Each structure stands twice: as C-alpha cells, then as structure tokens.
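Novice: Give me the fold of what follows.
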Amino acid sequence: MMNLLITGGAGFIGSSLIRHVIDRSEITKLVNLDCLTYAGHLENLDGIHGIHPRYLFEQVDLRDKVEVLRVIRQHDITHVMHLAAESHVDRSITGPGDFITTNINGTFHLLEACRAHWFDQASGIQNGASKFLHVSTDEVFGSLGPHDPAFTETSACTPNSPYSASKAASDMLVRSYHHTYDLPAVTTRCSNNYGPYQFPEKLIPVVIQSVLAREPVPIYGDGMNVRDWLYVGDHCEALWSVLTSGKVGETYNIGGRSELANVHLVQMICDLIDELKPELGGHSRSLLGFVPDRPGHDRRYAMDATKISVELGWNPAHTLETGLRETVVWYLQHQGWVESIARG
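Specialist: From the prediction side, this is the model:
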C-alpha cells in the first residue's frame, strides 16, 4: 500500500497520471503537490479535485524546502512520482533562472525531504518500503544525426538548452542520492508527449488552434527537426509500471516508436482537421509558414525503449495515427477548456 505524492499534478502529464492511477488498489492516499504556475491548472482534474476520497492537494513550491518536508512528513509519503518541472524550451532560452531553481533546487529539496523521512538519521537504515520515481526527458541526451542509432539508457548526456541542462543536472542528483545514501530511486526518460490537456503553447495545440482560427501555422526552420511522439496515456502506464515493478537504481527510456519530422506532423494535423471540420473549407496545409529557427534547436531525438519492453512488458498502445486522431478530436470537443486556460 502506498501514500503516493505526485509533483506537478496539475500540469499536462501530471494530471493525466493522476487520472490514470487514482483508483489503483495499491494507493491509500494520493497527494498532488503543485504551485500552480502558468502551466498548472486544477481544471485539468475536474471530477477528481475536491471530490475523490483518496485525493489531496497541496499548493506548494518545490523551492520552499520547509514546506516540501512538511508535506512528506504530514502525509507520511511512501512513494514519489516527481514530474514537477519548468519544461518549455523557448522559455528556458529567454529566462533560464526559473529552470535552475525549480528543476535543480526543487529536486534537491524533494530528495532531502524523502531522505529525512524514509531513513533513521542515526543509523542510516531505511524505515520501510518506499520508492522515488524521477521523470526526465530525452532532451538530456542532446541531438542525433539523421542516421544515428536511437538513444539508449547508457547514452551520454549532452544537453543543449538551459531546460535540458537543468533536467540532466536533476537526473545526476537523483543518481547520486541512490548511490550515496541508498535512496530507492529510479529514473525514466521519455520522448515528446502529446494528448488531451496539453498546455496551449506546445506544438500540437498551437497547430490545432491556429488551423481552427484560420491563422498562419508557424514552423521553426525548415520543419525537418525529428521527434519521437508518445501518447500521454501510454506514458502514464509506463510510469506506473516503473513505480511498481522497475528496479531501484535503474533508468528506463520511454518512447512512442513514432519518429516524425515536425512539418509532417503538422501536415497530419491539418489533414485531420480538414476531415473532422469540413465546414472550415479544407486546404489547411496552405496555412503553414516557416519562421526563423530557435537558438540551439536539436535536430533529432529518438528513443530505444527495448529495456522497459523486455524487463517490464510495457509497449505503447497507440500509434501516432490513432493517438493524434484522439488528441485532435479531444481539442475540438473541449474548446471551452482551451479558452479558459488561455485566459488564465
């Protein structure tokens, strides 16, 4: 049985994860820790927040070490799924400071709080069953060439943006706490997530909203930057598998097996909206336009998820075609949510 803490639970992946696991029989209590920045919205948890008997919310900033320790101790947290992070690359280029203090210092405060609560400080012996799952990103690996093999768990970390550098640093902190203090930690690194409730400034929601408004669709550079796309529900299932069955001290790559250049992904979205919303007049691809590339834009990411498949039996349930269709349909049916988030 677990008293589970999910950090960043009001964000895109965090709220999807809460919906995915809240009714699992292993969970006695689920605490959502989120400071509700621009990307965290309790509307993402309608039907759970303030209603579900196992669910509790703590509006706490990970940069506040005293409050982080209070949450861990007050709720007797036994398991942590650490997703809270500043994660938008463009924002890290214009304002890197928040990425350092949240992603590095915040992770440090959470590790320290768990170490204080989970271990007898005199003997250093662990008090009971516990686990710390740190959720990271493929961006810590840097960029691949067009014919390079996909990243594996042993690929070198060569981050190229302030965001990815801050995540790589937090990964190393988690690794050090396992090897130095025997903290029962495990790390996952995922590819680009997409799906319902994604914040509207991310690529796929931007394209959907631009096409619906018949506005130009901006594409960085030549549009040939390649990403591996992972449906958020598949990611959540992988995270649960790692929390419950993953080996302490290990790292697991999580990928969608769906590599695609950005321009081709945008074209798929245009075609889906033309099919689903014929009243818009079609020809949505004509809205595509290229804009100057962002600094340090990684050319290609690709994830080898063989390890999690072989060891834990996880494989993505969605292809890019099925997941993208579900995503576009969701946004078409939830324009009220988009407008609410945009106003906020």
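
Novice: residue ranges for the helices of the stretch 101-250 of the chain, please.
Specialist: Here the stretch 101-250 of the chain has its helices, by DSSP state H, counting those that start in this stretch, at 106-118, 162-181, 203-212, 232-245.

Novice: contacting residues around the longest one?
Specialist: It stands for helix 162-181. The contact list for helix 162-181 (CB atoms under 8 Å, 6 or more residues apart in numbering) reads 85-89, 91-93, 96, 99-100, 102-104, 107-108, 111, 115, 119, 124, 132, 134, 136-137, 139-140, 142, 157, 159, 183-185, 187, 189, 248-249. The way it works is simple: take the backbone N, C-alpha and C, and place the C-beta from them, glycine included.

Novice: Mind checking which of those residues are buried?
Specialist: Among those, those classed as buried by 16 or more other CB atoms under 10 Å are 85-89, 91-93, 96, 99-100, 102-104, 107-108, 111, 115, 119, 132, 134, 136-137, 139-140, 142, 157, 159, 183-185, 187, 189.

Novice: quick one: which of those sit in strands?
Specialist: F132, H134, S136, T137, A185, T187, R189 (DSSP state E).

Novice: Look up how far L173 lies from Y55.
Specialist: Using CB to CB, to the nearest Å, we find Y55 at a distance of 28 Å from L173.

Novice: so who does the closest residue in space to N160 that isn't next to it in sequence touch?
Specialist: Counting by CB to CB, 6 or more residues apart in numbering, the nearest residue to N160 once its immediate chain neighbours are dropped is G296, at 4.9 Å. G296 makes contacts with I93, N160, S161, as judged by CB under 8 Å, 6+ apart.

Novice: tally of neighbours for the second one?
Specialist: Applying other CB atoms under 10 Å, we find 18 other residues in the vicinity of N160.

Novice: I'd guessed it sits against V140; true?
Specialist: No: taking CB atoms under 8 Å as the definition, N160 is not a contact partner of V140, at 9.7 Å.

Novice: What angle do helix 203-212 and the strand or helix carrying I269 make with each other?
Specialist: According to DSSP states H and E, I269 maps onto helix 262-276. With axes from the mean of the first three to the mean of the last three CA atoms, to 10 degrees applied, the angle from helix 262-276 to helix 203-212 works out at 50 degrees.

Novice: The chain should start at 13 in everything you say after this.
Specialist: Sure, I'll start counting at 13 from here, so that last one is helix 274-288.

Novice: List the pairing partners of the next helix or strand after helix 274-288 within its sheet, with orientation.
Specialist: Downstream of helix 274-288, the next assigned helix or strand under DSSP H and E is strand 300-303. The pairing partners recorded for strand 300-303 under DSSP bridges are strand 229-232 (parallel).

Novice: Kindly provide the whole-number mean pLDDT of the strand it pairs with.
Specialist: Averaging pLDDT along strand 229-232 gives 93.

Novice: if we look at that strand, which residues are touching it?
Specialist: Contacts for strand 229-232 (CB under 8 Å, 6+ apart): 218-219, 222-223, 274-275, 278, 282, 299-306, 309.
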